[in-house]
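Mind folding the following:
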Amino acid sequence: MRKIRLAAPSHWYRKFNSSMKKHFTLLLLTMLAFVGYAQKKPEASFEQHFVNLRNTFRANDAFETVKFVEPRWRLAGNTGFNESIGYVEKILQQAGFKKEVTGEADGPLTYRIETRKMRHPTWEPVSASLTIEGEVTPILMYATNHNMMAVNSASTPKEGITAEVIDVGQGTRQDFEGKDVTGKIVLGEAGARNLYSIAMEMGAAGVLAYSMPAYNQPEKHVNSIQFQSIPLKDIEQQKWVILLSYQAKEKLKAVLAKGTLRVTVKTETKIYTADELTLVANARGTTHPDERFVFSAHVQEPGANDNATGVGTLAEMARTTAELIQQKKLVPLRTITFLWGDEINSTDRYIKDDAVRARGIKWGLSLDMVGEDVSKTGGTFLIEKMPDPSAIWTRGNEKHTEWGGNVLTEAQMFPHYFNDILLNRCFQQARTNGWNVQSNPFEGGSDHTPFLQAKIPGLLMWHFTDVFYHTDGDRIDMVSAEEMKNVGVSALATAFLLCSADESETLLLVDEVSTNAHKRLAVEFELSKAAIKSGSKIADEQHILEVWTDWYVKAIGTMTDILPGGSTEGVTLKITSAQGKLQHKRDELVNALNTRK
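Below you'll find the predicted structure:
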């Protein structure tokens, strides 16, 4: 075969060819970059935050804070509350936080203590005992039953009050009928507040109340007492309520069954006017300081897990953040705020007291009961999600805790990526050590609710169901330092990522949430197939898939706010593409349900 010699290319062809080579090279580089991006797993990209945090977070220091806070009976304004605030302040000072002089802009690490006059007096217990007449040893003593006095109980005379006990059953008004309780002590199996109010109307000298939820397993943990409170209207006229353990209640009932029962009650408490303290610390953002991630942990309540562990974990999180900033391993573009105070009230004020500040709060995360030794308490680590469709259709692996939650409506949904990003960071930590991470549909009742009420994304990290919840069995031996570290590391990794994400990280986060969305649709599709097989209407099951899709499409749409300074064209295109793919998947699954007979 003869070779054909081609003529040399003309000048315009050489120029065109050279241009094409340049474009091809650029195209090839772009494709290779895309392949590298596509092959890069989100966890690998975010792992450096975890490495730094695992090496820096001191679990023993968090535990030491719990040991200081736990023995103190803490209510806003009282000695135990204020001492706990003071202890955390010292941790902040030693970590390099400086007390504000003119404001948060004083430096990269600042703190302040806000002081407010309380509208109502504070209260603290000193000592108490309950003794059956004729016996030497009390059946209850404050030294071993920290919750035996209802909050706002007054002191008895030093010698105590000795009187006959009248059993009023369930403590309803009908149960009081025909019984003379004037100057006597009322015994009832009812909540302290209502029982006390009726007993005071009837002239009783005081109250013995028993009321324990089933999840506390009182017949097993016979000495547990769950704390309660009574109204405080007039300090001079105030009486007292002794809260009973199951064992104490049963002993009193046994004596009553044989005849008259008389007891001696001694209480010593303090009721006084006070100031309420809130501690606020800031790691100031370098480029967008007015935008912030807010952590909160409430100080009040008398337990170790509830919520000395929240206080201790957050204190160590603040110290860890300061150390990483000082080592130049962290440069937060947005501000990270740490808040300790009175549950719900302090967080609510932080949002409402400054409208400008509130507009910059992008995420709120509450730490409440975060350090349980689950082998002892029976609790499970949970992230309580923002309202998503699992709070409407709670099925499959989704379930409410024994705290309980109401069925929400579609109008109450709060579509946002925060649920998935925090959960995935917890799962990322769990893969290193087997930590058990679960979630529950929205229920409410802690510091995350003020954020949600203000239309700010808010989540709760907690444990439930805990058999010692709100009881005096919630002590330091039920706490795990390692559990606090898992929570603290995961929470901070989430905040560090969201406060300093670049474009590539944001793109990975969009992929991550999109993957979760598709997994959710697949799960719901299987549940709907089973439901239809059991008699559910096809249209109802299709609607569930549609609502979940709508929730995730909107949640992915909110990801335009992750990048400090605003979204880029690449991120916006990625979001639009993810939304379209999800909607296509919805159509496919909805049609598949429609073909099932």
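
Every contact and neighbour count from this point should use C-alpha atoms.
OK.

Figure out how far stretch 538-553 is from the centre of its chain.
Relative to the centre of its chain, stretch 538-553 is centred 28 Å away, using Cα atoms, centre = their mean, to the nearest Å.

contacts for that stretch?
Outside stretch 538-553, the residues that touch it by Cα atoms under 8 Å, 6 or more residues apart in numbering are 388-389, 393, 410, 413-416, 514, 517, 521, 524-525, 528, 531-532, 579, 582-583, 586, 589-590, 593-594.

List the buried residues of it.
By neighbour count with 16 or more other Cα atoms under 10 Å, stretch 538-553 contains the buried residues 538, 541-542, 544-553.

from those residues, which is closest to residue 427?
residue 552 (19.7 Å; Cα to Cα).

Just the C-alphas of stretch 87-94, formatted as CSV.
Provided in CSV are the C-alpha atoms of stretch 87-94 (Å, rounded to 0.1, in the frame of the first residue of the first chain):
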residue,chain,number,x,y,z
TYR,A,87,-16.2,27.5,87.7
VAL,A,88,-16.7,27.7,84.0
GLU,A,89,-15.6,31.3,83.9
LYS,A,90,-12.2,30.2,85.4
ILE,A,91,-11.9,27.6,82.6
LEU,A,92,-12.5,30.2,80.0
GLN,A,93,-9.9,32.6,81.6
GLN,A,94,-7.3,29.9,81.7
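
Now that stretch: buried residues?
Buried-residue list, stretch 87-94, by 16+ other Cα under 10 Å: 88, 89, 91, 92.

of all those residues, which comes closest to residue 474?
residue 88 (21.1 Å).

Relative to residue 508, how far out is the spatially closest residue to residue 561 that is not a sequence neighbour?
Nearest residue to residue 561 in three dimensions, chain neighbours excluded: residue 567, at 6.5 Å (Cα to Cα, 6 or more residues apart in numbering). Between residue 567 and residue 508 the distance, using Cα to Cα, to the nearest Å, works out to 14 Å.

These two: who's more crowded?
Remark: of residue 567 and residue 508, residue 508 carries more neighbours, 21 against 15, as counted by other Cα atoms under 10 Å.

name the element that one belongs to?
Using DSSP states H and E, residue 508 maps to helix 503-533.

how much does the next helix or strand along the chain from that helix deviate in direction from helix 503-533?
Using DSSP H and E, the helix or strand that follows helix 503-533 towards the C-terminus is helix 538-557. In terms of direction (axes from the mean of the first three to the mean of the last three Cα atoms, to 10 degrees), helix 538-557 departs from helix 503-533 by 170 degrees.

sec struct for the residue most central in space within the chain, please.
For the chain, the residue nearest the mean C-alpha position is residue 460 (2.5 Å; Cα atoms, centre = their mean). Under DSSP: H, G, I helix; E, B strand; the rest coil, the three-state class of residue 460 is strand.

if I look at it, how far off is residue 280?
19 Å.

picking that back up, residues of the helix holding residue 508 that come out buried?
Those would be 505-514, 516-518, 521-522, 524-525, 528-529, 532, for helix 503-533 by 16+ other Cα under 10 Å.

give me every residue that touches the nearest residue to residue 409 once chain neighbours are set aside.
Of all residues beyond its chain neighbours, the one nearest residue 409 is residue 392 (6.3 Å), with distances taken as Cα to Cα, 6+ apart. By Cα under 8 Å, 6+ apart, the residues touching residue 392 are 407, 408, 409, 410.

Show the buried residues in those.
Looking at the contacts of residue 392 with 16+ other Cα under 10 Å, the buried ones turn out to be residue 408.

Any chance of a markdown table for the contacts of residue 392, columns pLDDT and distance to residue 100?
Formatted as a markdown table, the contacts of residue 392 follow (pLDDT from 0 to 100; distance: Cα to Cα, whole Å):
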| residue | pLDDT | distance to residue 100 |
| --- | --- | --- |
| 407 | 96 | 44 |
| 408 | 97 | 42 |
| 409 | 98 | 44 |
| 410 | 98 | 44 |
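
farthest pair in the contacts of residue 392?
So, the contacts of residue 392 by Cα to Cα: farthest apart are 407 and 410, at 10.0 Å.
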